[in-house]
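K.L.:
Return a 3D structure for these sequence lines:
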Amino acid sequence: MPTKSDPATLRVMLDTGFWIDLRYDEEKRERFTQLVTNEEIKVLFSYGNFIDLVKREEQNELSEIIAETVDIYLPAMDYEGDDYRFTDDPIGLIPDDDAARFVRQQTRGLSDAETLKVVFRGGNWEPDADWYAEFTQTMKYVYDNYGMDYAKALAFEEDIDYEDGDEMARLWEHKVDVTEYIRKMASLYRIEQIKENEKIDSNDIADMEICSQAIVTDCDMLLIEGKWQNIQLVDKVSAQLTSEEDAEVFDSFEEFIQVIEVYLKRPSDD
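P.N.:
This next block holds a predicted model:
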């Protein structure tokens, strides 16, 4: 698992809904901004946040807030290998290299906030809702009828192997790339919790990106929608790994902020 470059800092990430809340609540915004612009706090912005916000009307206002507070942008991941990409450049969120080069030309000399406005306006990412619903229902059927081991085998079918002289297929989990393992296990634990007749929401794709990237990047604190906190999705995936500390997950902005306040008031090591 990748290690933190600066363990003295607190790395935090927010679900998209909480970013949008900052747009409409001036008191929350001021309190959040004052705390996280401290050099001891690093705010991470997920590709999952990006694909959520390209569809929102609040893009311009949120561009100002994001540019003011975000330290690290996490581009789309291919979930191969054990490392992840990150950047302090908002243009890095654009998954298409040609589009990114065009935006870079168009925004030369602009502030990060103005650049983000262009990045969001040019975004045309749309989830394939039909594909996602079909995939989820297939995985759910396998899980309900055959159990987690079979669902896992389907998710990791390219990693299934046979020992010499052994006719039984085996999944050697330690051979799977860490990033791939995290992303697929997040989807499996989500499928495990789907209720009968529950509507499959394509917005879950963005949420799974946020949860997965929080784990991949060894984020310290994640403020996420209550349904993911309730099923302990991040905790379940993290329990399968060997990282030293798991992300602390919150679904309350107030609790999230209070923990940051306590962190900043801790006695200095000097």
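K.L.:
what number of residues lie near Arg266?
P.N.:
Arg266: 8 surrounding residues under other Cβ atoms under 10 Å. Yep, even glycine has a C-beta here, placed from its N, CA and C like the rest.
K.L.:
can you map out the strands along this protein?
P.N.:
10-14, 41-45, 72-73, 160-162, 169-171, 221-223, 248-250 (DSSP state E).
K.L.:
same for the shortest one, what does it pack against?
P.N.:
With contacts taken as 3 or more Cβ pairs under 8 Å, 6 or more residues apart in numbering; DSSP states H and E, strand 72-73 sits against strand 41-45.
K.L.:
Would you mind pulling up the elements that the strand it packs on packs against?
P.N.:
On a contact count with 3+ Cβ pairs under 8 Å, 6+ apart, strand 41-45 meets strand 10-14, strand 72-73, helix 253-264.
K.L.:
about what we covered before: mind giving me CSV with the strands of the chain and columns for mean pLDDT and distance to Glu26?
P.N.:
What follows is those, written out as CSV (pLDDT from 0 to 100; distance: least, Cβ to Cβ, whole Å):
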stretch, mean pLDDT, distance to Glu26
strand 10-14, 97, 17
strand 41-45, 97, 19
strand 72-73, 97, 25
strand 160-162, 64, 53
strand 169-171, 63, 51
strand 221-223, 97, 19
strand 248-250, 95, 21
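K.L.:
and of the ones you listed, who's closest to Asp235?
P.N.:
Minimum separation from Asp235 across these (Cβ to Cβ) falls at strand 248-250, 6.8 Å.
K.L.:
ranking the helices and strands packed on strand 41-45 by burial, who's on top?
P.N.:
Among the helices and strands packed on strand 41-45, strand 10-14 has the highest mean neighbour count (mean count of other Cβ atoms under 10 Å), at a mean of 25.
K.L.:
and that one, which strands flank it?
P.N.:
Here strand 10-14 is paired, per DSSP bridges, with strand 41-45 (parallel), strand 221-223 (parallel).
K.L.:
starting at the chain centroid, how far to it?
P.N.:
Distance of strand 10-14 from its chain centroid, counting by Cα atoms, centre = their mean, to the nearest Å, is 11 Å.
K.L.:
do the same with stretch 9-25
P.N.:
Centroid separation between stretch 9-25 and its chain, computed with Cα atoms, centre = their mean, is 13 Å.
K.L.:
And stretch 203-215, by the same measure?
P.N.:
In terms of Cα atoms, centre = their mean, the centre of stretch 203-215 is found 4 Å from the chain centre.
K.L.:
What of stretch 37-54?
P.N.:
Remark: stretch 37-54 is offset 9 Å from the chain centroid, using Cα atoms, centre = their mean.
K.L.:
Could you do stretch 51-70 as well?
P.N.:
Remark: stretch 51-70 is offset 16 Å from the chain centroid, using Cα atoms, centre = their mean.
K.L.:
Can you measure across that stretch, start residue to end residue?
P.N.:
Start and end residues of stretch 51-70 are separated by 16 Å (Cα to Cα, to the nearest Å).
K.L.:
do the same with stretch 86-104
P.N.:
17 Å.
K.L.:
mind putting the strands paired with strand 10-14 in JSON lines, mean neighbour count and distance to Ala155 included?
P.N.:
Converted to JSON lines, the strands paired with strand 10-14 look like this (neighbours: other Cβ atoms under 10 Å; distance: least, Cβ to Cβ, whole Å):
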{"stretch": "strand 41-45", "mean neighbour count": "22", "distance to Ala155": "26"}
{"stretch": "strand 221-223", "mean neighbour count": "24", "distance to Ala155": "23"}
